[in-house]
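J.: I'll drop the sequence and a predicted model, then ask my questions.
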Amino acid sequence: MSKIRIAVAGVGNCASSLIQGIHYYRGKNSQDDIGLMHWEIGKYTPGDIEVVAAFDIDMRKVGKDMNEAIFAEPNCTTVFCPDISSSGVTVQMGRILDGLSDHMKEYEQKYTFAPADVPQPSKKGVIGILKDSGAEIFLNYMPVGSEEATRFYADCALEAGVAFINNMPVFIASSPVWERRFKEKNIPLIGDDIKSQLGATITHRVLTDLFKKRGVKLERTYQLNTGGNTDFLNMLNRHRLASKKKSKTEAVQSVAAHRIEKENIHIGPSDYVPWQRDNKVCFIRMEGKLFGDVPMHLELRLSVEDSPNSAGVAIDAIRCTKLALTRGIGGVLEAPSAYFCKHPPRQFTDDEAYRMVEDFIQKDPEKTNEMPYYRSGQREQAAAERYPLL
């Protein structure tokens, strides 16, 4: 079977974990699938993925072999697969645009980005690299708040005829304008803002859904996160957080029994702690009322290595995108987006999204006109929500 050929924009911690994971699982079998949601999707295993192009802006990565660049500073994630041979893929200079926040220049280079002093590529240049590499799928790993940079790479994917997976909280898949553009060209799109395998948002969602199912009235909740990677350093600039906070907040609000008042819900990064490196510590508090309006409180502390926590999800998203390419399905892939992302075009409970993505993998329902992802009466409502001006 041929490889799934991917390109990545941003050779940071998340890309490092993804590439390490591809090599880690290569040569293993279904009996060794610890840490994966699916060993095989459409007969593709994690080791069937091949990175054929990569873009970054850091002088310690640009011009280097990709499998060397993933271990360069400021990357600080766990190295769980150190013995990776040269890939033959050179990291190309990317477009900076708004991918670098000004405040990061005040920190030591080992913590932040150090832009390479080489010409930035034009859109035509990026498109040319994507086409020449034979990439089928383009993954966006731009920093939070990189609105212009994300749109630039999404546009390059469209022009190159390459599927796009938007792992970051810039609204591409959940934008009717972008959705139409990808649909018109019949190019698959997954997004927005990848969920971790077992991270803060998925845990908070499951607990919120549990409150609903057990009849507990959720009155107030917060989620505070600290970490020491470049993502948390970047997010010290609160102006870059608008889409991130919206993405994480809506992910929880969407599974609550009733929408929580804005002043009673706070979900978002709290602070940057350099010595935590890629370790993310999450604090969740939920206050509610049980039978007879008797109050109850829940507090949880979760500690996870941030980037590997998203890599397994990205590996599944890549393989689902490959299925869509093979089947000739374009536009937003609703089931994978709902299950793998915090801010998909339409929110579903995680149980519903799980069943949807299993159906997508096994039955290919998007080739039918039945639209099985919508419960009775929801199709018209969904259209009105997503295309309010029509």
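T.: That came in fine, so what should we check first? Numbers count the residues shown, from 1 in each chain.
J.: just the helices in the stretch 51-200 of the chain please.
T.: Counting by DSSP state H, counting those that start in this stretch, the stretch 51-200 of the chain has helices at residues 66-69, 123-133, 147-160, 176-184, 200-213.
J.: tell me which of those lies nearest to residue 363.
T.: Closest to residue 363 of the helices of the stretch 51-200 of the chain is helix 176-184 (C-beta to C-beta; 21.2 Å). Heads up, the C-betas are built off the backbone N, CA and C, glycines and all.
J.: now the angle from the closest one to helix 147-160?
T.: Using axes from the mean of the first three to the mean of the last three C-alpha atoms, to 10 degrees, one finds that helix 176-184 and helix 147-160 are set 20 degrees apart in direction.
J.: in helix 176-184, which residues are buried?
T.: If you call a residue buried by 16 or more other C-beta atoms under 10 Å, then helix 176-184 has these buried ones: 176, 178, 179, 181, 182.
J.: residue furthest from the geometric center of the chain?
T.: Residue farthest from the centre of the chain, counting by C-alpha atoms, centre = their mean, is residue 292 at 41.0 Å.
J.: check that residue and give its pLDDT.
T.: Here, the pLDDT recorded for residue 292 equals 97.
J.: and it, how far is that from residue 219?
T.: Distance from residue 292 to residue 219, counting by C-beta to C-beta, to the nearest Å: 15 Å.
J.: next: residue 242.
T.: Going from residue 242 to residue 219 by C-beta to C-beta gives 25 Å.
J.: who's in contact with residue 229?
T.: When contacts are counted by C-beta atoms under 8 Å, 6 or more residues apart in numbering, residue 229 is found next to 13, 74, 76, 77, 277, 278, 306, 307.
J.: wouldn't the third one be in contact with residue 277 here?
T.: What that stands for is residue 76. Yes. Using C-beta atoms under 8 Å, residue 76 makes contact with residue 277 at a distance of 4.2 Å.
J.: and the helices of the stretch 51-200 of the chain as CSV, adding distance to residue 95 and mean pLDDT?
T.: As requested, the helices of the stretch 51-200 of the chain are exported to CSV (distance: least, C-beta to C-beta, whole Å; pLDDT from 0 to 100):
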stretch, distance to residue 95, mean pLDDT
helix 66-69, 17, 98
helix 123-133, 7, 98
helix 147-160, 6, 98
helix 176-184, 18, 98
helix 200-213, 29, 97
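J.: just send those helices back as JSON lines, with distance to residue 323 too.
T.: Below are those laid out as JSON lines (distance: least, C-beta to C-beta, whole Å):
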{"stretch": "helix 66-69", "distance to residue 323": "25"}
{"stretch": "helix 123-133", "distance to residue 323": "21"}
{"stretch": "helix 147-160", "distance to residue 323": "18"}
{"stretch": "helix 176-184", "distance to residue 323": "16"}
{"stretch": "helix 200-213", "distance to residue 323": "23"}
